[in-house]
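Enquirer: please work out how this folds:
(chains A and B)
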2 protein chains.
Amino acid sequence: MDIVRCSLQLLSLLFFFISSLCVSGTESRLPKLGAVRKNIRPGLQFASDNSVSSDLVTFYYTQTLDHFNYKPESYTTFQQRYVINFKYWGGARASAPIFVHFGAEEDLDYDIRGVRFLVDNAPRFKALLLYIEHRYYGKSKPYGSSEKVYKNASSLGYFNSAQAIADYAAVIIHVKKKYSASNSPVIVCGGSYGGMLAAWFRLKYPHVALGALASSAPILYFDDIAPRQGYYSIVTKDFKEASETCYQTIRRSWAEIDKVASKPNGLSILSKKFKTCKPLKKTFELKDYLDSIYAEAAQYNDPPEYPVSVVCGGIDGAPSRTDILGRIFAGVIAYKGNDSCYDMDEYKYPDETYLGYRWQTCSELVMPIGHERDSMFQPEPFNLADFVKGCKRLYGILPKPHWITTYYGGHDIKLILHRFASNIIFSNGLRDPYSSGGVLENISDSLIALSTVNGSHCLDIQAAKPSDPYWLVQQRKTEVQIIEGWISKYYTDLLEYKDKNGAR
Amino acid sequence: MDIVRCSLQLLSLLFFFISSLCVSGTESRLPKLGAVRKNIRPGLQFASDNSVSSDLVTFYYTQTLDHFNYKPESYTTFQQRYVINFKYWGGARASAPIFVHFGAEEDLDYDIRGVRFLVDNAPRFKALLLYIEHRYYGKSKPYGSSEKVYKNASSLGYFNSAQAIADYAAVIIHVKKKYSASNSPVIVCGGSYGGMLAAWFRLKYPHVALGALASSAPILYFDDIAPRQGYYSIVTKDFKEASETCYQTIRRSWAEIDKVASKPNGLSILSKKFKTCKPLKKTFELKDYLDSIYAEAAQYNDPPEYPVSVVCGGIDGAPSRTDILGRIFAGVIAYKGNDSCYDMDEYKYPDETYLGYRWQTCSELVMPIGHERDSMFQPEPFNLADFVKGCKRLYGILPKPHWITTYYGGHDIKLILHRFASNIIFSNGLRDPYSSGGVLENISDSLIALSTVNGSHCLDIQAAKPSDPYWLVQQRKTEVQIIEGWISKYYTDLLEYKDKNGAR
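Expert: Alright, predicted model coming up:
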């Protein structure tokens, strides 16, 4: 099974800052990665991708650092990586399509391996495949090495979504010119944060992309359009639906952890009980680790394994006399495998995804996700003031929590876009906690919401497998049909346009 | 008669740089202002605007200097002026509309006095009137005084259209919030460069503006979408249509100037003949002055005077034995009035409009307007390489001639926008030289081209007058009807949306 290549890193980051404030002994949230990158369960490994890589050609584009400024320093350039698979392309003469994958908060290599929807369907469309790496990730770093890049707000300032999609526009225009493909329709695609970029790109650059497939893109999780409890209420629902007893066990476990911790040597008891690699210093470390496991299992609750059921299988399947924390640990073992010890820091390793996305949430991507009431977690509401303080402390700058809706919109989206824009698929799996910030209702005939009741985060853009359930097969089929519809309408328009204006 | 408040400054600027290169004795273009600001003919004065100003309230918004960067210095703010006329507003409760005028390359006071279409129609719509000044003009200068602002590329870097329309979004959102007018539909309006901003704004910020009236907006005069000779071929056509003999006289006059200049004391003869305030140093000064007069007369060829006819009246009406240059001078007198001397520098006074718009053309607004063949002018094609060199020399930075089409599009506009976007009126007068870069054909049912055969630059958004010809009255009427259609459709949508989602 391919590893899920589509993730939003923010869960961890939203709480990072609060922890960095950590005052007066109160427990504070520590970083917690929603990513699966470093959390590969046995069996969840990268597919051997020799079959893919031989078709790929890597290029670098000399990209402008700042598209929106004309200071001399804004003219600084960096090398942006893009990768092309020519294998299936019908060519410029046939105006064959170009499928573009938008890199997100990770090295492009991950996307190429993980997001297989485009490759799976390229032969059918005779499409050129173009993958573009997101600025400040992978091999597309303006200031060279990671440490230097992620150091401070002055070098990070150019690291934002508006600059990133302007990069994508420049690269696509460049590639179309390079291969004389001015008439080839461009379909852009991305998942999670990359899905937001894809949707926003179609809205901002309709002259560059004919349509967008935005998979699991929580474009409404900003500025309190979506409810703050959305994310964790779906995590909770996923567990409750998988098993009521499992849900109850988790719900009760937090107080149980506190109870044990309050005993003499309580942290030491917990450390032993959960086989932590290092002795716990705070209960928060353990709670945060468990929180990350549950969130990740829910977010990537993919068939055929269904990780939530795996965790609950461990919890519910423990011998009948097992106490609550013993069951919780059995859930950890079921999910993580039987290890000699468990690393509580696993979800907060400061790699470039972690560091990069932390910056992005601290500048513009402020998603107010909190543990509110009515979840299986201890209440811990999102606190914007604390978040802002944390960012200020980390980078010396203030987040702009209203910028995303100022630039891209989001409020009253159906009212606004019902008679504006076209050709976007918003695909979601309703078991994905991020679907709470997704577009789940059709906006118009060609701004389509495509949800699956049992789907998870970015499931549709992963590789098709023989074991895929019927509803997933259908979802992908519908996506292909919709995109075919856009393209065939475009070809008709193109012919008419050429007839009127002379061939180009 | 109100002065025309709608202009594009670039004519002068396109040639400035070439002049600053001025090599090997060849005649080079000098600055030449297309504006009428400092070229007020007798009778062409500002209307006394006491009636207007008493209804206006001035505010300042603390605006972000750089919307697309998160460097500490990007958080610098400046005070942006906006002016509101509350007199006609039906109020937030009635969701009464907000009409927004986008300031362009001038002090906002000029716009408020000159662009009267919104005021004329505000009572009918019960609209709030909001005028927003463009950054770096008037009282909205990030770095204080003009000299300081216009000094170099480092302080000018933030001075561009993407930042400007982001400003407008921020101000409109702020005003709507301030007056609890979240449901009030916003119609944005602008002329010439301001018209481009209005059209681009609807494309980029549909969640902020319901529709746009883009008057005389040459959004296709970039990246060689429109032909380079477009502007001057229309100037030529205007004169030819007004009078074939006048056109012939002008066409022959350039060689005549050269002939006289080649005589001993030739420049002195010309200086006397044209009553120049200072002795001519080059024939180019005279040619450039005349060029500016013809361009301006054509661009603002407004009824009831029709300045082209005024110029030609002078040229054709001179006593029958008058020689070519005598006729040309008679045209100058007819247009400018009988003065003691004529200031050849009149069109190149370095005021803030001149300096500001020069920067804008040198950074992003690169319009390749040239004197190509088949005009009544001496051929002098637009030379991008020279233009680029001139900008480099002036500011130390290179223009980005492809950026406008990268960010806003423009190529194949009908193909691209036919099934995307809505609610823009592109109004043009076909006698306006800039109409050669305008949208002159409907793109879809709600992306409407509204041209008048006899119209001039931004004529439709000036004040209605009893002397207005029928076609102009009709053009404005149609504009009003179209905007009414957008708004009434919006109210229907809003009701339906509220019914479904609960009142806000």
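
Enquirer: assign a three-state SS to the closest residue to chain B within the stretch 201-350 of chain A, would you?
Expert: Nearest to chain B, among the residues of the stretch 201-350 of chain A, is residue A:207, at 3.0 Å (CB to the nearest CB). For the C-beta atoms, the positions are set from N, CA and C on the backbone; glycine is no exception. Under the three-state scheme (DSSP: H, G, I helix; E, B strand; the rest coil), residue A:207 adopts coil.

Enquirer: count of residues packed around it?
Expert: Counted by other CB atoms under 10 Å in any protein chain shown, the residues lying close to residue A:207 total 23.

Enquirer: spell out which parts of the stretch 301-450 of chain A neighbour chain B.
Expert: Residues of the stretch 301-450 of chain A lying near chain B by CB under 8 Å from any CB of the partner chain: A:363-364, A:396-398, A:400, A:403, A:405-423, A:446.

Enquirer: now a PyMOL select for only the buried ones of these.
Expert: Selection of buried members from those for PyMOL, criterion 16 or more other CB atoms under 10 Å in any protein chain shown:
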select buried, chain A and resi 363+364+397+400+403+405+406+407+408+409+410+411+412+413+414+415+416+417+418+419+420+421+422+423+446
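
Enquirer: show me the residues of the stretch 301-450 of chain A next to chain B that map onto helices.
Expert: Cross-referencing these against helices under DSSP state H gives A:363, A:403, A:405, A:406, A:407, A:408, A:413, A:414, A:415, A:416, A:417.

Enquirer: how about these in CSV, adding pLDDT?
Expert: Below are these laid out as CSV (pLDDT from 0 to 100):
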residue, pLDDT
A:363, 96
A:403, 98
A:405, 98
A:406, 98
A:407, 98
A:408, 98
A:413, 98
A:414, 97
A:415, 97
A:416, 97
A:417, 98
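
Enquirer: and which of those residues is nearest to residue B:222?
Expert: residue A:407 (22.7 Å; CB to CB).

Enquirer: could you give the number of residues near the nearest residue to the closest one once chain neighbours are set aside?
Expert: Nearest residue to residue A:407, sequence neighbours excluded (CB to CB, 6 or more residues apart in numbering or on different chains): residue A:162, at 6.3 Å. Burial of residue A:162 is recorded as 22 neighbouring residues (other CB under 10 Å).

Enquirer: other SSEs contacting the strand or helix carrying residue A:162?
Expert: Here residue A:162, judged by DSSP states H and E, is contained in helix A:161-178. Secondary-structure packing of helix A:161-178 (3 or more CB pairs under 8 Å, 6 or more residues apart in numbering or on different chains; DSSP states H and E): strand A:56-64, strand A:77-85, strand A:98-102, strand A:128-132, strand A:186-191, helix A:193-204, helix B:403-408.

Enquirer: pretty sure residue A:242 sits against residue A:314.
Expert: No: judged on CB atoms under 8 Å, residue A:242 makes no contact with residue A:314 at a distance of 11.7 Å.

Enquirer: who's more crowded, those two?
Expert: residue A:242 (23 against 20).

Enquirer: so what's the more buried one up against?
Expert: A:306, A:308, A:309, A:312 (CB atoms under 8 Å, 6 or more residues apart in numbering or on different chains).

Enquirer: if we go to 7 Å?
Expert: A:308, A:309, A:312 (CB atoms under 7 Å, 6 or more residues apart in numbering or on different chains).
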